[in-house]
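Peer 1: next input, structure requested:
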Amino acid sequence: MWFICYDEKKKDNKTLYLIEEKKNWTQAQNYCRYNHTDLASGLDQVDGEEMKALFIGRNMSVWMGLFRDSWRWSDGSDFSFRYWDTDKLILIKENKTWKEALDYCRESHRGLVSITNPYQQRWVEVRAKNGSSPFVWLGLRYSCTLDLWFWVNDKLVCYEKWSREGKTEECGRAVGMQSGGQCEWVSQRDNEKYNFLCFK
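Peer 2: Residues are numbered from 1 along each chain as shown. Here you go, the predicted structure:
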């Protein structure tokens, strides 16, 4: 993706630069450190007016200096801020099979929900607890052909919250999150009918 670097001339004078070259995160960090100071890091930069000005008239995703190693900023700034893309979620209190839920979310919204980190898990839990069925469908399905779990929106399965007996890897399985208790994941036969969560 494109990425944003900053130069630190003085302590309180940081200039941001949108680099319109596609690089992975490590390449972007190396570029910024070689040509500027570092990737954009810290609350004052990522939520400041200068950052907002770079996005006027644009709808894009860019790299900045936050990476997951117990989440810290590339330049060592204190991490006291969660700046996630808080996609709006909607709980559909209708019982449908997993495929019916998938089709409904794709036709009426943006798709079945995916969860890729513990913060998103907590966000989804809040919605799931209002469900009227014992589980709510997530967009995670098992592929017999590939022998793996995959999110239907192509996100990597880099975070999991399975219940102790919840992971059954066989054909016709998808994931339901418990609507009560610990809100853990349990693989369910995809023809069961539950509530489900869509991205709005």
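
Peer 1: so where's this structure shaky on pLDDT?
Peer 2: Residue ranges of the chain with pLDDT under 70: 10-13, 43-47, 67-73, 76-86.

Peer 1: helix or strand for Lys22, which one?
Peer 2: Here Lys22 sits in a region with no helix or strand, counting by DSSP states H and E.

Peer 1: same thing with Lys14?
Peer 2: Element membership for Lys14 (DSSP H and E) is strand 13-19.

Peer 1: for the spatially most central residue of the chain, which three-state class applies?
Peer 2: Nearest to the mean C-alpha position of the chain, by CA atoms, centre = their mean, lies Thr116 at 4.9 Å. With DSSP: H, G, I helix; E, B strand; the rest coil as the basis, Thr116 sits in coil.

Peer 1: next, it: phi, psi?
Peer 2: When read as degrees, to the nearest 10, the backbone of Thr116 gives phi -120, psi 0.

Peer 1: so how far is Lys93 from Trp185?
Peer 2: 20 Å (CB to CB, to the nearest Å). Bear in mind the C-beta positions are built from the backbone N, C-alpha and C, glycine included.

Peer 1: give the residue from those two that has the larger number of neighbours.
Peer 2: It is Trp185, of Trp185 and Lys93, that has more neighbours when counted by other CB atoms under 10 Å, with 22 against 12.

Peer 1: Arg141 versus the more buried one, what's the distance?
Peer 2: Taking CB to CB, one finds Trp185 at 12 Å from Arg141.

Peer 1: shared neighbours, those two?
Peer 2: Residues touching both Trp185 and Arg141 (CB atoms under 8 Å, 6 or more residues apart in numbering) are Val175.

Peer 1: which helix or strand contains Gln120?
Peer 2: Gln120 belongs to helix 118-128, assigned by DSSP H and E.
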